[in-house]
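J.: fold the following for me, if possible:
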Amino acid sequence: MDKFIYKKSASITALSASLTDFTYKKHSHKEYAIGVTLRGIQHYNLDGSLHLSYQNGVMLFNPEQAHDGMAHDKTGLDYVMLYIEPELLLEVIEKKEIVRFSDPIVYNYRLEQRILRLAHAILNKQDEALCNELLLSLTESLIQTDLSNGFKKDNALIKKAKDILHNNLENVLKLDEICKELDLSKFQFIRIFKSQTGSSPYQYFLNCKIERAKQLIEKNRDVYAAVAECGFVDLTHLNKHFKSVYGTTAFEYMSHLN
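T.: Numbers count the residues shown, from 1 in each chain. So this is what the prediction gives:
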């Protein structure tokens, strides 16, 4: 049976998940996603390659790194994941420039245990002060992994395209208008955007709308306002796409937070 539990504390979202049949569609997160496979095998495609995280595997996703996800076989999969804003992680490790994980999966007992302790504290609603201390402890292990400053920066065209997309999340994606501003044909734009980001413009735009809806739900606890502000047709429309990324509907996600 598929099960997803989300909790948030100290500006970090924790997820406890069990998957059997559910498959995440290709998506990305604006946060760092750091997790541990507890049982089974996590199967996902990342940067054009298939990855398998076995039991005790620590999974490391950089912001905006497109991926999907599923259980590798019928025995299913249990895992936990932490979503940490880039600004928060950089503050804790006292770095100004964005860093990236070089290896998507590592097997490191100390790091694994620190992820599990922080996830357990958030999921069990322990004190925020404790969560902050556990985050500091976790980052001390993280910086001993292969972190690099070689984060791939968007070129000017992709940055401009992303800005346009982010500024129109409440609307329908209008490729003609974007391409006119970028002086590209639609097919040139789709090809260049996908080669640079790993996602098509439509996938990226939809993912940003879902991320924005999640932020609004966390802030306002009003799922219907998120529907309106992010340009979804109705709650069913939002729920369908939200579930493809988070495994749970937007309404259920809000219920977890309350």
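J.: please, which helix or strand holds H237?
T.: Using DSSP states H and E, H237 sits within helix 235-246.
J.: please apply the same query to Q196.
T.: Here Q196 is assigned to helix 186-197, by DSSP H and E.
J.: so which elements touch that helix?
T.: Other elements packing on helix 186-197 under the criterion 3 or more CB pairs under 8 Å, 6 or more residues apart in numbering; DSSP states H and E are helix 156-166, helix 175-182, helix 201-220. For glycine as for every other residue, the C-beta is placed from the backbone atoms N, C-alpha and C.
J.: in a markdown table: those, plus mean pLDDT and distance to A119.
T.: Formatted as a markdown table, the entries for these read as follows, by pLDDT from 0 to 100; distance: least, CB to CB, whole Å:
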| stretch | mean pLDDT | distance to A119 |
| --- | --- | --- |
| helix 156-166 | 92 | 30 |
| helix 175-182 | 91 | 39 |
| helix 201-220 | 94 | 18 |
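J.: of all these, which gets the most neighbours per residue?
T.: Ranked by mean neighbour count, the helices and strands packed on helix 186-197 are led by helix 201-220 with a mean of 19 (mean count of other CB atoms under 10 Å).
J.: what sits up against the next helix or strand after that one?
T.: Downstream of helix 201-220, the next assigned helix or strand under DSSP H and E is helix 223-229. Counting contacts by CB atoms under 8 Å, 6 or more residues apart in numbering, the residues outside helix 223-229 that touch it are 170, 212-214, 216-217, 220, 232, 234-235, 237-238, 250-251, 254.
J.: C-alpha coordinates for helix 223-229, PDB please?
T.: The C-alpha coordinates for helix 223-229 follow below in PDB (Å, rounded to 0.1, in the frame of the first residue of the first chain):
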ATOM      1  CA  VAL A 223      -5.900  24.900  -0.800                       C
ATOM      2  CA  TYR A 224      -8.600  26.700  -2.900                       C
ATOM      3  CA  ALA A 225      -6.600  29.900  -2.900                       C
ATOM      4  CA  ALA A 226      -3.600  27.900  -4.200                       C
ATOM      5  CA  VAL A 227      -5.900  26.600  -7.000                       C
ATOM      6  CA  ALA A 228      -6.800  30.100  -8.000                       C
ATOM      7  CA  GLU A 229      -3.400  31.700  -7.600                       C
END
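J.: run the chain-centre distance for that helix.
T.: Going by CA atoms, centre = their mean, to the nearest Å, the spacing between the C-alpha centre of helix 223-229 and its chain's C-alpha centre is 20 Å.
J.: quick one: buried residues of it?
T.: When neighbours are counted by 16 or more other CB atoms under 10 Å, the buried residues of helix 223-229 are found to be 223, 226-227, 229.
J.: turn those residues into a markdown table, columns for pLDDT.
T.: Output for the buried residues of helix 223-229, formatted as a markdown table (pLDDT from 0 to 100):
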| residue | pLDDT |
| --- | --- |
| V223 | 94 |
| A226 | 95 |
| V227 | 95 |
| E229 | 93 |
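J.: which one of those residues is nearest T139?
T.: Comparing those against T139 with CB to CB places A226 closest, at 30.8 Å.
J.: so that closest one versus N168, what's the distance?
T.: Remark: distance between A226 and N168 (CB to CB, to the nearest Å) = 16 Å.
J.: mind checking the SS state of the residue nearest to A121 when sequence neighbours are not counted?
T.: Leaving aside its sequence neighbours, A121 sits nearest to C131 (CB to CB, 6 or more residues apart in numbering; 5.1 Å). When the structure is split into helix, strand and coil by DSSP: H, G, I helix; E, B strand; the rest coil, C131 lands in helix.
J.: now for C131: which residues touch it?
T.: Counting by CB under 8 Å, 6+ apart, C131 touches 9-10, 12, 118, 121-122.
J.: test my guess that L175 contacts F189.
T.: Yes. Shown here, L175 and F189 form a contact pair, counting by CB atoms under 8 Å, at 6.9 Å.
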